[in-house]
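Peer 1: quick one, structure for this:
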Amino acid sequence: MPDRSTQRLKPRGSSQGGLRQYNERVVLQAIRLHGALPGAEIARQTQLTAQTISLITKRLEADGLLVRGEPQRGRVGQPSVPLSLNPDGAFAIGIKVGRRSVDALLVDFTGAVRRRWTCNYRYPDPKALLAEIGARLADIQAELTPAEVDRLQGVGIAAPLNLGGWQTLLEMPPEVAAQWQAFDLRAEVAALTELPVSLLKDTAAACVAELVAGRGRSIQSFLYVFVDTFVGGGLVLDSHLRGGLHGNAGAIGSLPLGLHDGAGTAPPAQLLSVASLLNLEQLYQAAGLDLAALADGRALQPPWAPHTAAWLGQAAAALALAVDSAACLLDLEAVIVDGSFGRELQAALVAALATAMDRYSWEGVTRPALLPGTIGSDARALGGALLPLHANFSPDRELFLKIAAE
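Peer 2: A predicted model of the protein is given here:
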């Protein structure tokens with residue numbers, strides 16, 4: 001098997017060997033953003049000539065990337081034929097590696113999830129995790145036809161940057177935590193498949209999903225907050241995901257919650273110590289309550305409600321400080337909040353955060369809009385799958401993935 005340590009994610013396009021022109025990507029992007037469009041509307045959206053659009057769409061149809069709909073008759077002239085993305089035109093695999101579970105998604109060309117696998121664990125063990133990922137990759141390829149396998153574009157992994165960290169909170173044995181120090185997750189997964197493999201921080205991958213398939217399509221600059229076992233985030237400026245020098249831009253979980261007193265005391269607590277789902281799980285666990293209530297409406301009903309309310313108050317107060325600081329520094333258009341919880345709890349957190357933000361002075365800074373995310377728990381794995389799809393079919397390949405120079 002070839003050495004994948006220097007492998008680069010390269011555009012495959014379709015099974016015929018790749019998209020041949022930049023304009024083809026522009027056409028695909030227009031249809032992805034606006035839905036099924038007739039040729040005349042594609043020309044208007046892309047500012048390409050009707051003749052050029054005709055040639056491009058015929059090639060994309062031949063490549064199996066576009067399909068024709070039923071003719072639509074207008075008041076005058078010939079009926080128009082809407083063109084849409086062919087869901088079977090391409091596929092990608094997204095893998096979310098979390099501190100409590102691993103998810104694998106098979107995603108089609110439209111970004112829809114075709115299949116989902118989930119495996120829960122107490123803490124991430126590198127060897128067991130790799131075996132689970134290998135099994136899921138085999139399952140996916142076994143379920144696809146040879147032609148569909150040929151249209152697989154790659155594997156995108158979404159994972160925390162430090163899976164061996166916070167071992168005490170996660171009750172992870174020290175010997176397991178130590179294994180992560182020398183474990184190259186991307187390289188290990190790449191050794192299991194012939195597909196290109198990319199890796200992105202989990203909350204940044206979730207931000208990618210919101211950027212490409214959610215509210216981010218109409219918001220240019222936003223802080224993305226994702227509440228999971230540990231709270232984290234991502235940063236979008238000028239419609240581009242910003243990773244920073246070490247890939248940690250938007251890592252709000254590590255933000256301090258106060259000033260150090262200058263004495264020889266411990267540093268201030270971090271945001272993740274009060275605004276993470278782990279904190280709420282611990283409250284439920286101490287009360288002998290089902291932790292699965294996080295994913296449904298029970299979280300806001302007795303006997304969970306008092307514990308949820310206590311967590312919401314603490315989490316919202318801490319997040320409001322983070323939002324205020326970020327807005328002052330970055331002049332944000334919006335803050336988008338999502339997470340691995342039910343939509344009822346998401347709405348409650350957004351409402352509590354709005355109230356907490358009211359307690360701050362916004363003089364001298366524009367208060368950003370506060371919005372719920374649209375993707376939910378699948379955001380991280382979906383963002384991972386979007387990496388190869390976007391790199392191979394979007395006109396802006398560096399929207400959230402830097403391609404190394406050849």
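Peer 1: now for the helix or strand containing Ala317, which elements pack on it?
Peer 2: If you go by DSSP states H and E, Ala317 is part of helix 305-330. If contacts are counted by 3 or more Cβ pairs under 8 Å, 6 or more residues apart in numbering; DSSP states H and E, helix 305-330 sits against strand 222-227, helix 272-275, helix 277-286, strand 334-339, helix 343-358. Quick note: C-beta positions are derived from backbone N, CA and C, even for glycine.
Peer 1: now the last one against helix 305-330, angle please.
Peer 2: What separates the directions of helix 343-358 and helix 305-330 is an angle of 50 degrees, with axes from the mean of the first three to the mean of the last three Cα atoms, to 10 degrees.
Peer 1: work out the gap between helix 343-358 and the centre of the chain.
Peer 2: Helix 343-358 sits 21 Å away from the centroid of its parent chain (Cα atoms, centre = their mean, to the nearest Å).
Peer 1: in CSV, could you pull the C-alpha coordinates for the helix or strand following it?
Peer 2: Next in sequence after helix 343-358, counting helices and strands by DSSP H and E, comes strand 369-372. This file holds the C-alpha atoms of strand 369-372, laid out as CSV (Å, rounded to 0.1, in the frame of the first residue of the first chain):
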residue,chain,number,x,y,z
ALA,A,369,-27.7,38.3,16.1
LEU,A,370,-28.2,35.1,18.0
LEU,A,371,-29.5,32.2,16.0
PRO,A,372,-30.1,28.4,16.5
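Peer 1: for strand 369-372, enumerate the helices and strands it packs against.
Peer 2: If you count contacts as 3+ Cβ pairs under 8 Å, 6+ apart, strand 369-372 packs onto strand 334-339, helix 343-358.
Peer 1: so which of the helices and strands packed on helix 305-330 comes closest to Ala369?
Peer 2: Closest of the helices and strands packed on helix 305-330 to Ala369 is strand 334-339, at 4.3 Å (criterion: Cβ to Cβ).
Peer 1: mind telling me what element Ser54 is part of?
Peer 2: Using DSSP H and E, Ser54 maps to helix 50-62.
Peer 1: quickly run through the sheet partners of the next helix or strand after that helix, with directions.
Peer 2: Once the chain leaves helix 50-62, the next helix or strand it forms, by DSSP H and E, is strand 66-68. In the sheet, strand 66-68 lines up against strand 83-85 (antiparallel) (DSSP bridges).
Peer 1: so Asp125 is in contact with Val176, correct?
Peer 2: Yes: the criterion here is Cβ atoms under 8 Å, and Asp125 meets it with Val176 at 5.5 Å.
Peer 1: which one of the helices and strands packed on strand 369-372 lies closest to Pro196?
Peer 2: Using Cβ to Cβ, the helices and strands packed on strand 369-372 put strand 334-339 closest to Pro196, at 27.3 Å.
Peer 1: neighbouring strands - and their directions - for that closest one?
Peer 2: Strand 334-339 is paired, per DSSP bridges, with strand 222-227 (parallel), strand 369-372 (parallel).
Peer 1: then stretch 350-357 to PDB, C-alphas only?
Peer 2: Provided in PDB are the C-alpha atoms of stretch 350-357 (Å, rounded to 0.1, in the frame of the first residue of the first chain):
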ATOM      1  CA  VAL A 350     -30.600  30.200  22.900                       C
ATOM      2  CA  ALA A 351     -33.300  31.900  24.900                       C
ATOM      3  CA  ALA A 352     -31.300  31.800  28.100                       C
ATOM      4  CA  LEU A 353     -28.200  33.100  26.300                       C
ATOM      5  CA  ALA A 354     -30.200  36.000  24.900                       C
ATOM      6  CA  THR A 355     -31.300  36.900  28.400                       C
ATOM      7  CA  ALA A 356     -27.700  36.600  29.700                       C
ATOM      8  CA  MET A 357     -26.400  38.800  26.800                       C
END
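Peer 1: so what's Trp180 up against?
Peer 2: Shown in contact with Trp180 (Cβ atoms under 8 Å, 6 or more residues apart in numbering): Pro124, Pro126, Asn162, Leu163, Gly164.
Peer 1: could you rerun that using 10 Å?
Peer 2: Pro124, Asp125, Pro126, Leu129, Pro160, Asn162, Leu163, Gly164, Gly165, Gln167, Met172 (Cβ atoms under 10 Å, 6 or more residues apart in numbering).
Peer 1: okay, helices next: where are they in this protein?
Peer 2: Assigned by DSSP state H, the helices in the chain fall at 22-34, 39-46, 50-62, 126-143, 146-150, 167-170, 174-179, 185-190, 202-213, 272-275, 277-286, 305-330, 343-358, 379-393.
Peer 1: Throw those into a markdown table and include distance to Phe109 and mean pLDDT, thanks.
Peer 2: Formatted as a markdown table, the helices of the chain follow (distance: least, Cβ to Cβ, whole Å; pLDDT from 0 to 100):
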| stretch | distance to Phe109 | mean pLDDT |
| --- | --- | --- |
| helix 22-34 | 9 | 91 |
| helix 39-46 | 17 | 93 |
| helix 50-62 | 11 | 94 |
| helix 126-143 | 15 | 95 |
| helix 146-150 | 11 | 95 |
| helix 167-170 | 37 | 74 |
| helix 174-179 | 37 | 90 |
| helix 185-190 | 22 | 96 |
| helix 202-213 | 13 | 93 |
| helix 272-275 | 36 | 95 |
| helix 277-286 | 32 | 96 |
| helix 305-330 | 34 | 97 |
| helix 343-358 | 27 | 98 |
| helix 379-393 | 7 | 93 |
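Peer 1: now Arg114, nearest residue through space, not along the chain?
Peer 2: Using Cβ to Cβ, 6 or more residues apart in numbering and skipping the chain neighbours, the partner closest in space to Arg114 is Leu106 (4.5 Å).
Peer 1: Leu223: neighbour count?
Peer 2: Per other Cβ atoms under 10 Å, the neighbour tally for Leu223 reads 25.
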